[in-house]
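Novice: what follows is a predicted protein model with its sequence.
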Amino acid sequence: MQIAHFGQNPPARPSLVWFREDLRLDDHPALIAASQSGPICAIYILEEGTDLGRPLGGALKWWLHHSLTSLKANLAQLGIELILKRGDPRHLIPDLANKLNAGSVHWNRRYYAWSRPVDAAIKAELTGRGVQVGTYKASVLTEPWEIKTGSGGNFKVFTPFFRAAQPHCDTWAEQVAPAPPLTGLSNPEIVSESLQSWNLLPKAPDWSGGLDQTWQPGEAGAQRRLNAFIETSLHNYGEGRNIPSKPATSFLSPHLHFGEISIRRVWNAARAAMRANPALQTDGQVFLSELGWREFSTQLIFHYEDFPEESWKEAFRAFPWKNDSSTLRAWQRGQTGYPIVDAGMRQLWRTGWMHNRVRMIVASFLVKHLLQDWRAGEAWFWDTLVDADVANNAAGWQWVAGCGADAAPYFRIFNPMSQGEKFDPDGHYVRTWVPELAQLPNKYLHRPFEAPTEILRGSGVHLGRTYPLPIVNHEKARKQALDALASLKQNVTGDLV
DNA sequence: TTTTGAGTTGTTCGA
DNA sequence: GTCGAACAACTCAAA
């Protein structure tokens, strides 16, 4: 159709596709739009600048390296080189469009407070030069401005949000589209930097062994995870997802963060399974609502620009958090003396990921038992998680801390012993990640400090030497947190009166 | 406009 | 051992 339209005219000007958090070919709206008017040039920019978002954490860098390797290979198979550049997209994108004589530039939208003005500036610059700009919804099912309450506001409670959003998700997900046929172009003026030169992989020391064993970054790995999840885990997701020793969650979070798989594909896969097998209805709905939380979190950072940096409930902004680097470090390294907490923190350190149930437990422990600022925990997760995502990370931490939207009430303080006994009753999870306790009987596995001396000795455990004594006493810490949070409330009331 | 019901994931205490 | 209530009111969303 394009050929007929252009007739004898010179060939169409090329289009530039700017890859960002959408490192895939499938269901990629920017790529589809670009492919419709001639050859394409694909670029990824490692954005570096004080006003260009947070520097990537170590685990994200590792993932990005492998994900770009995968995307580069997939594009190369189609005869297209992925151009890598480092720097400020406000200069790089117009410059590249200029060199290419591009007729249009396309990208999929992001929703960060820092990225929106950057994108707007680039768009203005390009359109001012007569270059068309196309931006698209690709990383979410609902735009943050799309789901409104009856009175036109944005939702602050998840359940009504998701009730309103779900029909939109269904409709939008039907628009899923495969990769289009593509034509590349070569331009000797445009030279890619080498991925190696970005030094994204850890060197001294190389801590990435556990990550290599756990993950396959890239589009194929994402697809594989999705298929495996739908086939083997969806049918028991509602319960299975709470058992950290079971691989019963989707493991899609890092793939979704980098956009290696389209959220529409994920949504549709669950929907299709639910249609094919009505017995999956309940479990499937639980999974869909987890995807809904992702939409909700994106919506929050869009409407509250300082959400990643400040407690959403203002009463918490004056909270006297403890700033204790030694307990923070014990938490980070999995040396708190509470096995379920330590297991989670060590799984995170080794694999770049932690089971969601355990994320709640360790977060509650840092914020409520240790009374440390949720932002200290958020920062650690940012540096260590392969799925670190500004919106999801901040929303999760604020939810646990009690200062976020629709947050846990302040009196909900996870008991690390009973949580361990409830969700890791056989101790598989703790024994995997805290091997020095492996010989303890189940009865004491989650509370080794209560074990009789002869049991400890028989299990080869010497508290304080082979495994730490608890860094805080649960009952005392709990009371302290309740008092602190209650006083916070009183202060606020006082301010208002 | 006012009213009403609801609100991801918990713990502890006492009957 | 099991169960319901208390925890603290408050904000949100919708009728």
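Specialist: That came through, no problem. Numbering: from 1, shown residues only, chains lettered A, B, ... in the order given.
Novice: for DNA strand B, what's the nearest residue on the stretch 201-350 of chain A?
Specialist: Here the residue of the stretch 201-350 of chain A nearest DNA strand B is A:W293; by Cβ to the nearest atom of the strand that distance is 4.1 Å. The C-beta positions use only the backbone N, C-alpha and C, and glycine is treated the same way.
Novice: and A:D495, what's its pLDDT?
Specialist: Looking at A:D495, its pLDDT is 35.
Novice: point me to the residue of chain A nearest DNA strand B.
Specialist: A:T159 (3.1 Å).
Novice: what is whatever helix or strand that residue lives in packed up against?
Specialist: Per DSSP states H and E: A:T159 is located in helix A:158-173. Judged by 3 or more Cβ pairs under 8 Å, 6 or more residues apart in numbering; DSSP states H and E, helix A:158-173 is in contact with helix A:263-276, helix A:281-303.
Novice: list the buried residues in whichever helix or strand comes after that helix.
Specialist: Where DSSP H and E defines the elements, the next helix or strand beyond helix A:158-173 is helix A:209-214. Neighbour-count burial for helix A:209-214 flags A:L211 (criterion: 16 or more other Cβ atoms under 10 Å).
Novice: what does stretch A:328-339 give?
Specialist: So, applying 16+ other Cβ under 10 Å, buried residues of stretch A:328-339: A:328, A:330-332, A:334-339.
Novice: which parts of chain A sit against DNA strand C?
Specialist: A:149-151, A:153-157, A:160-161, A:163-164, A:409-411, A:482, A:486, A:489, A:493 (Cβ under 7 Å from any atom of the strand).
Novice: low-confidence ranges, chain A, go.
Specialist: A:1-10, A:489-497 (pLDDT under 70).
Novice: ok, which stretches of it are strands?
Specialist: Along chain A, the segments classed as strands by DSSP state E run A:15-19, A:40-47, A:82-87, A:104-108, A:132-136.
Novice: format those as TSV; extra columns: mean neighbour count.
Specialist: Putting the strands of chain A into TSV (neighbours: other Cβ atoms under 10 Å) gives the following:
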stretch	mean neighbour count
strand A:15-19	26
strand A:40-47	23
strand A:82-87	18
strand A:104-108	25
strand A:132-136	17
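Novice: including distance to A:Y467, could these go into JSON lines?
Specialist: JSON lines is the format used below for the strands of chain A (distance: least, Cβ to Cβ, whole Å):
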{"stretch": "strand A:15-19", "distance to A:Y467": "46"}
{"stretch": "strand A:40-47", "distance to A:Y467": "41"}
{"stretch": "strand A:82-87", "distance to A:Y467": "44"}
{"stretch": "strand A:104-108", "distance to A:Y467": "47"}
{"stretch": "strand A:132-136", "distance to A:Y467": "52"}
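Novice: show me what contacts the residue nearest to A:G284 when sequence neighbours are not counted?
Specialist: In space, and not counting its chain neighbours, A:G284 is closest to A:M274: 3.9 Å by Cβ to Cβ, 6 or more residues apart in numbering. By Cβ atoms under 8 Å, 6 or more residues apart in numbering, A:M274 lies in contact with A:280-281, A:284-285.
Novice: just the buried ones from those residues, in PyMOL syntax?
Specialist: To isolate the buried ones among the contacts of A:M274 in PyMOL, judged by 16+ other Cβ under 10 Å, type:
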select buried, chain A and resi 280+284
